[in-house]
Structure formats: C-alpha cells, structure tokens
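K.L.:
With the sequence up front, the predicted model follows.
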Amino acid sequence: MTTEDISGTARAAGPAAVPRREVVRVSGLRKEYGDTVALNGVSLQISAGEAVAVMGPSGCGKSTLLNMIAGLDRPSAGSVRVHDEDLAAINETGLALFRRRRIGMIFQFFNLIDDLPAIDNVALAAQLTGTPARQARRRALELLDELGIADRKNVYPAALSGGERQRVAVARALMNRPALLLADEPTGALDSHAGEQVMDLLLDLNELGQTLLLVTHDQRLATRCASRVVTMADGRITGERTLERSA
Amino acid sequence: MSAVWRASRAAVRRRRLQTAVIGVVVLVSSTALVVALGLLDIASGPFDRLFGQAHGAHVIATFDAAKVSGAQLAQTAHRPGVRASAGPFPQAVIEVPQSAASQSLGMEPGPLQVVGRADPGGPLDRLDLFTGHWATGRGQIVLALPDVPGLGKGPNSPIGKRIQLPGLPPLTVVGLASSVSETAQAWVSPHQIAALHPTTYQMLYRFDQATTARQITVYTAAATADLPSGSLLAHQSYLALKAQIASKPNAFVPFLMAFGILGLLVAVLIVGNVVSGAVVSGFRHIGVLKSLGFTPNQVVAVYLMMVCVPATAGAVAGTALGALVAQPLLHQVFTGADLGTVIVTPTIASWVYATTALGMPAVVLLAALIPALRAHRLSAARAISAGSAPGGGRGRAVQRWLTGVGMPRPVTLGLGLPLARPGRAMLTVCAVLLGVATATLATGLSATMVSYGNAVEGAGRAQVIVDRGEARVGQTVPKHGDTAAQALLRGLPQAAHVSAVGYVNVRLLGQNQEVTIEGQRGDRSALQDDLARGRWMRGPGEVVASGRFLSKEGLRLGDSFALAAADGRQQRVRLVGEVMSGPADSLRADWTTVTALAPGAQASQYWVRLIKGADAGTYMKAVRAADPGLYPSAKTSVNAGAVTVIGSAALLTLMLTVVAAMGVFNTVVLNSRERRRDLGMLKSIGMTPRQVTVMMVVSMAGLGLLGGILGLPLGVVAYRVVIPVTEHSANLTFPDRMLEVWHPGSMTLLALAGVAIAALGAVLPARTAARQTIAQVLHTE
C-alpha cells in the first residue's frame, strides 16, 4: 500500500517530522443556538499528518466543532482556517467546493445512498467535480480494492455489513484526495470486530500521511489512532495530551 | 379523544409547511371545482330556470275562431295531462306598413301578431313588463321587446309613440314586455283586440310531462281531442324555442365542460397526492404515537384530523373564493346569451357550493384514509422505519444506468430520484399530464375560436361600417340614394373597397315562415370571410346559408328551391355554400337575387375597407361631412365570443396549471424531507447549492417531460372530441383550416409545458432544500 494508492495526499515525512504545515487553525470559536452556547472560545491547530481525537461527553460541542471545520455550519464568532482559507469569507457555493477539494467526511451512520451500489456511492464524490463516470468508477474500484472490499463493489448498502459500509464511506471520503479527513464517531455504529477493522484502516491512512480529526467517545479508538487527544466539556477545550500510539 | 385532538393539533403545528400546502392546494382546487361545477350547472339549464320562473307554456296552440268557441277551448284546461292552461286569448295578425314601422323602434314592416290579454300575469306565460304599464284601454299597445338598456327611456324609446295602421285608429305604445315563451309580438286589451278583427284564439298549455317532442304531441292531441276537426291550426312546442335560443351559450358549453371535467380531475388528483403524501411522510410519527400507547384507531384519527383541519379551512375559503371568481367569469361567458326576448343573468346554484364545501373534505378524507389504514396495520417499529426514508430496491437498474450516462451527476441523480417513490411519481406525472392536456386543449380551442371570431366578424377586412340614417330613430335621412351613397363612399380618400348590405324578407315557396335575405353588392373583400364549405355566390340565383338553415330546411349544398316575395314575385335559387354560423331563417345572396324578388330594395349598411395605413377616424369625418345622413362607425376587430373563450380558457388553464404546479411543489417538499440525509451527505462531499437545486428540479422536470409527452395527445383528443360537439350543439361549421391549430413548433412547446409546470412547482422547495442546514441530520440516526 502506498500513499498515492489510497489518499493521494503528498506523504509527510512521518509522525516525527517537524515543522509540519498547518492544516487547521481554529481561533476563539463560538457558536450559539438561541440561548444555548455550543462552543465557547475554542482554539485548535492541526498540522499535516496529525491524527487528532476530540473526546468528551454528549453535548460538549464535539460535533459542532467538526461541522465548523467542515464548513457545514458557520460560527457565531471566531474563525476557522483550513489550508489558510478563512471559511467565514467563503459563500455557500465556495464552501461546497472547499469540502469537495479539501475535506473527506466519515459519519457514524455511514450516510450511503441506498439506491446506489458500493462503487457508485464511492464514485459519486468524483462525479460531482465533473469527472467522467468511467474514470470515477476506475478510481473508486482502486479505492475499494485498497480497502479490501472490491468484491463487494456491486452490492447495495443494505446488503453490506456495518464494517463494509463504513469502508465504502471511507473510500468515498478519500475519493477526491482530501487534505483533511473528518470522522464523527466512525466506530459508533459498529460491532467490536468491524470497529477494529475501521480503526486499523484509519491508522493505516494516518501513517501514510493522511491528516485526521476524529470525534469519538471511544477511548480505544482515540488511543489507537490519534497522536493527540483534545478533551471538551461545555463547549470548551478542557485538556489536551499527546499520545504514544498503541500498536 | 382529547389525546387525539392534542396530538393532531401538535402535528399541525409541527408541520406548518405541509399543513399550509394542503390548505392552499385544497383552496385552489375548491375554487377550480366551483368554477367547473358552476359552468356545468349554468350551461345545462339557463332556459329551464327562466322558463320555470315565468311559468312558461309547453305549447302555444292556435285555433281557428270560426270553428271553435272560447267556451269549448276553456274546457280543454280540464283534459287529462293538462297541468295548467291560459286563454283562450283572441289573436289577430295585422300588417305593419313601412311607414308605420319607421315610427317606432322595435316595429318591423310586415305581419305583427297581436294577442288580447287582460293582464301580464296569470297561471302561464307571466310576462316581464319591464317598462310602462299594461294596455288596459282602447288605443293602447304593449310591444314584445328584450329588456336591453336604453329601450325603456330616452329619445329612442318606443314608449309614447303612436303607430298609425291603415284603416284602424292609431295605437300608442304604453309598455314593453318580454315573454320567455314568445307568445306574441304585441299585446292589447281584450276590448282593443276586437277592433283588430281577430281570427284565431291562442291557448297556452303546461303538461304533466313535456321533456320530449313525442310527449308534447301526445298531450296536445289529448287536450284538443274533443274539439271540432280542423280547429287546431298550429301548435308550437317550447322545445324548439329552447333549442333555438340555447344555441349561443351552447357554443361555449362543450369546451367549458371539458375544462370543468379536467378541473375536477386535477383537483381531486392533486389533493389525493398531497394528502396521501402527507400521511406517508408521517409514518415515523405514527410509529412513535403507537409506541406511546395510542391505539391504531386513535392513530388513524390523529392523521385524519391532521389533514382535515387545513382541508376544511381550504375548502371553505376556496368555495368562497370560487363564488367570487366564478360569478363574474360566468357572467362574462354568458353575457349576450340572449334567450329570445329574455336576458339571462347566470347565477350559480347552491348545490355547487354545498358539493364543493362538503365534497372536497370528503375527497381529502378518502385520500388520507387509504395510507392511514396502512399505517393502522403496521407495527410501531415498522411504521418508524417505513417513515424514515423510501425503501430501496426500486428502479435500481435505471439508476445504475443513469450513473454511467454522460450527463452531470446532479442531473442523473435527479432523474433517478422519482424511482424511489413510483406511486407518488405517477400521481405527479398525472397532475402534469392533465395540466398539459388542459393547456393543449385551451390553445387549440382558443386558436379555433379566434380564427372563427375573426372570420365571422370580418376582422381585418372592413375598418368602417356606415349605416343609413332612419327617421324613426331620430336620425337624419341621407341625401344620397343607395347606389349613390355607395359610390360616394368609394370615392372618398383612403377607401379601397365598399360593399353594400341590405335585407329583404321573403318566404320559402309553400311555407309560412319568413326568411331574411342578406343581399350583398360590390366587392366581397370588405365583408366577412366566414365560408365553411362550398363557395360564395357568383351571380343571380345563388345563395349561401348557415348549417342551421340547412338542417332546419333539410337541404344540402347543390339543392335548389324557390323563394317568394310578399307581392308574389318568385326566384329559384341554388345553395352553393355554407357559412360557419348564422340564424336558421337567413340566407345570403348576391344583390341581383335580392332585386329579382324586391326591385325597390335598398342597402341599409356599407362595409368599407380602407387602404393600408389609412386612418379610420379621418375617413369617418369625411363621410359625415359628405352626407350627414350617413352614420359611420369604426368596426371593432374584437370578437366578444372569442374574447370570452380565450379569457375563460386562459383563466381556467392558469388555475389548473397552478394546482398542478402545487402538486409538484408538494412532491418536492416531501422528497426533500425524506431525502434530507442523502442531501446532507451530498452537500458534505461537495455538492453545491446550485447542484442541489438542479438535482431536485430535474427530478421533477423528468416527470414533467413525461407528463407533457403524454398530456399532449390527451389534449389533442379532448380537442377532437369537443370540436364536433361544439359544432353540433351550436350549429356551427368550422372549415378544416380552422382545425389545423397545432404545428411541430407549438406541439414541442406544449410538450415542454410539462417541464415548465414541473420546474415552476419544484424550484422554490428545491432552493429551500439547497439552503437548509444539514449538519444536524448527518450526525444522528
């Protein structure tokens, strides 16, 4: 497996290489929903090749932070810069193009389109950019092959196992060679065996240079995949620690 | 029950958009339904209603006073089958000379049927004495005229005019009245009629059954069975009158009925689609209610109540709006629907409102009941899962194929979306289909009716019509004689062609009823181009008539018959052409045919065609200056009938198109709600708002195109059905050129109208879907 084979991201020198390019810079982020403050002065930097896990209890603002970084929601105050682009200065169409170029997203519940087989779910991300169907399918097949589910390419989501669905979702997220892979509870809906498989996959990706931001409750996922863990409570970052990954 | 009510109220509040859509769709549909049913109601019975109000006579019988006495006739009132009778009224026919006719408006030279009646009321034929008073004394007469503005008062009113008849004392017009049964041309008092030497009696009968000509013949024979042989000279059935006077509104009825039926279908279909969609999209909520302990019946009650609240409000408001819209529309449609001497004022029957206000919620209830009963049978868990998203597995082969099609992915995704809900897609196609069929029918009928109206009115041919002044209406008599006036008009600057038109009353040889010949002299290029079949007359002895005349007399093109003038002159004529429309007692002929029967005949009107770019106003000033006895007027090129058809067709088409578009709107709202997770995912991988909008609009545009392609032939078929019915019911004949209304370009546009309807309905909810925040939906199950 090579870096180009899977993520397509220029391979970083490895976890120890310094200084690395900054991919995400969040400064003084605040988000309010009516009277509820979901984020309150959050600041965070993520460098290329890092794997950062955000942990905390339900309602602490983890997913909101993820949405802000993905450009799915806009902050009430503060700024988010990804690859030096200030997301606040970009309109909705620009944000869509930004996500297309820079971001890959993995969700707890996969969010695959039920009416499309695995290969077309993966190819979709490239087709939105105007890539011809044949070319997009070729790339999708390569990704499915790398993720070990090429033989399931024509199977519809309903007939895939949870682990297989998440692999399809990962393949889709990697389709456009994103600079940043965002994962929201990627093992939350999986049994332990499938969860292990996904953890291995994310770890492999990161070791190949893919920058990762994980939001999770799963301590095992965090310690296994992340090089840094950020903890949150009540919309604030309450702690941060660098980890030695478990093998 | 309170739990059901609370849950329903909460559901209504929570689904404001859905509730509003149901309310608005039912409102617009109810309005369309009132118009549709109102059309059907009024078109089917304006005469019957008036006839009933006026206690019209089923039969007007004329008896020979020399063979039967008044007492004998009075006895016929008690014969079997006679429900009511009036008479005997003495009746006289007096000859009105030209000199007397010129003394009063409403008087024509020739025979005048006068009846002696003591009052305008009575058990039958209650007259509408709209001006003046009844003729009670000697020397007084009441004329039968329609109640039109300006006739009762003013300088042209006949009231107070003295009519001098040869050998009789003068008669003064003291009143004007109209009879729905057309029982006489004038009435005098019983004392006065004696002075007019009556030779016949008039009896009016109303029978127990009189819906067919056979029943009327049988009952008339029974009523007069005991009378002396030969005493019954003639009897006139009201059915003939009904057929004759109903012909004008009937010209519009077939197409208005077609619109009515289409309106009905669209309204019911859309309401069904919207309501069933609302219930299906609420399956998840149904499951939640069941899990909370609501019984299946309570759940069904919640959903029925949820849709009935906006539906009832919409139906009531729509019925009220329908009353506001339909009344002026129908008034315009039926304006000028002159029922002989009675003017119709259309009013919509109360059953129309009641049917709409009660029927529409019933349709809603039925449409909601079917999916609600399905929910009734589902377990809570299955209802929850059924409501979250459409089940997969439908049309996957097509979706797979679409993936590889060389079109932008949002477009192919959009085309595949409807396959997930084939039932809903089919109803949406049907709605668009009916919308396109309506538009097709409307454009076809409008084109035909405009073409017909222009031909009948002579639009674009004559710009000025000049009438000869008449002393009896207070006008100056022209200085120039007939042919001199025509020459004068032709010689004025800017005149290109001048055609003279005059009228002469004659009879078909061997018949009593009069026929009016419209004689035409000069170039035809200034006159109407309304020939339907055959050709125009080219010389003496050739005539052209309407289809109504042909059917009444049992004639065909090429047949010959003789005409006889009052002084005994005769002329044999041959039918060479048929005009599109016209009275049953009128012919058109060359002027030489007219003068062969009436050598002294004069034209009363001149149709003037001006040179290109001429100013009609300047020409009319020149006419007035040349002879003050010539009265020019600008010829309007607007045909009132065509305007009515176009106006009502446009309104109804717009209404039905809006309803169809609302059906599409609702489908997109439901789809985007059900597909919000997919939409969120697509946005998360970089689908732009514009691409989302395109996808959602295309999802409906595909259905719109299908609806358009299927609706086009349906509209053409409806047109092919409506046109012959119109021709038959209104005694019209459309030439083939007027039926060639569609061309490849216009048909393509009509097929694309389905796309337009779909896009119109889809664009707003699609844009809303494109803008909605999707962050939340992606992270929760």
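P.N.:
Good, I have the coordinates.
K.L.:
pretty sure residue B:126 contacts residue B:55?
P.N.:
Yes - between residue B:126 and residue B:55 there is a contact at 5.2 Å, judged by CB atoms under 8 Å. No exception for glycine: its C-beta is placed from N, CA and C like everyone else's.
K.L.:
dump the residue contacts of the residue of chain A found nearest chain B.
P.N.:
In chain A, the residue that lies nearest chain B is residue A:100 (2.6 Å; CB to the nearest CB). Contacts for residue A:100 (CB atoms under 8 Å, 6 or more residues apart in numbering or on different chains) come out as A:125, A:128, A:129, A:176, B:685, B:686.
K.L.:
Quickly check those for the two that are furthest apart.
P.N.:
Farthest-apart pair in those is A:129 and B:685; separation 9.8 Å (CB to CB).
K.L.:
Need the overlap of contacts for those two.
P.N.:
Common contacts of residue A:129 and residue B:685 (CB under 8 Å, 6+ apart): A:100, A:176.
K.L.:
Which one's more surrounded, the two?
P.N.:
Neighbours per residue, other CB atoms under 10 Å in any protein chain shown: of residue A:129 and residue B:685, the larger number sits with residue B:685, 24 against 15.
K.L.:
Does the nearest residue to that one once chain neighbours are set aside belong to a helix, a strand or coil?
P.N.:
Distances taken as CB to CB, 6 or more residues apart in numbering or on different chains put residue A:125 closest to residue B:685, at 4.5 Å, once the chain neighbours are dropped. Taken by DSSP: H, G, I helix; E, B strand; the rest coil, the conformation at residue A:125 corresponds to helix.
K.L.:
hang on, residue A:125 packs against residue B:683?
P.N.:
No - contact criterion CB under 8 Å: residue A:125 and residue B:683 do not qualify, at 11.8 Å.
K.L.:
So which of those two has more stuff around it?
P.N.:
Ranked by neighbour count (other CB under 10 Å), residue A:125 and residue B:683 place residue A:125 first, with 30 against 27.
K.L.:
Which strand or helix spans residue A:40?
P.N.:
strand A:36-47 (DSSP states H and E).
K.L.:
And that strand, what does it pack against?
P.N.:
Packing partners of strand A:36-47 (3 or more CB pairs under 8 Å, 6 or more residues apart in numbering or on different chains; DSSP states H and E): strand A:22-33, helix A:62-70, strand A:77-82, strand A:211-215, strand A:236-242.
K.L.:
Check the stretch 151-300 of chain B for the residue nearest chain A and tell me.
P.N.:
Counting by CB to the nearest CB, the stretch 151-300 of chain B gets nearest chain A through residue B:284, at 15.7 Å.
K.L.:
How many neighbouring residues does that residue have?
P.N.:
Close neighbours of residue B:284, defined as other CB under 10 Å, add up to 16.
K.L.:
That one and residue B:495: what is the separation?
P.N.:
Distance of residue B:284 to residue B:495, given as CB to CB, to the nearest Å: 79 Å.
K.L.:
The residue of chain A closest to chain B falls within a helix, correct?
P.N.:
Yes - counting by three-state DSSP, residue A:100 is found in a helix.
K.L.:
picking up where we left off before, avg pLDDT for the helix or strand hosting the residue of the stretch 151-300 of chain B closest to chain A?
P.N.:
Per DSSP H and E, residue B:284 falls inside helix B:283-291. Mean pLDDT, helix B:283-291: 74.
K.L.:
following that helix, which helix or strand comes up?
P.N.:
Helices and strands here follow DSSP H and E; after helix B:283-291, the next one along the chain is helix B:296-334.
K.L.:
So for that next one, mean pLDDT?
P.N.:
81.
K.L.:
do the same with stretch B:92-100
P.N.:
74.
K.L.:
Equivalent analysis for stretch B:750-765, please.
P.N.:
In this model, stretch B:750-765 has an average pLDDT of 89.
K.L.:
ok, and what's touching that stretch?
P.N.:
B:428, B:432-433, B:435-436, B:439-440, B:443, B:657, B:660-665, B:667-669, B:672, B:693, B:696-697, B:699-701, B:703-709, B:711-712, B:715, B:742.
K.L.:
Narrow the residues you listed to those that are buried.
P.N.:
Neighbour counting by 16 or more other CB atoms under 10 Å in any protein chain shown classes B:428, B:432-433, B:435-436, B:439-440, B:443, B:657, B:660-665, B:667-669, B:672, B:693, B:696-697, B:699-701, B:703-709, B:711-712, B:715, B:742 among the contacts of stretch B:750-765 as buried.
K.L.:
Residues in contact with stretch B:366-385: which ones?
P.N.:
With CB under 8 Å, 6+ apart as the test, stretch B:366-385 has contacts from B:271-273, B:275-276, B:278-280, B:282-284, B:286-288, B:290-291, B:296-297, B:299-300, B:303-304, B:307-308, B:386.
K.L.:
Let me know how buried residue A:58 is, in neighbour terms.
P.N.:
Neighbours around residue A:58, by other CB under 10 Å: 7.
K.L.:
And for the one 5 residues further on?
P.N.:
Residues near residue A:63, counting by other CB under 10 Å, number 23.
K.L.:
Phi and psi next, for the closest residue to residue B:113 other than its chain neighbours.
P.N.:
Nearest non-adjacent residue to residue B:113, counting by CB to CB, 6+ apart: residue B:185, 4.7 Å away. Backbone geometry at residue B:185, expressed as degrees, to the nearest 10, gives phi -100, psi -20.
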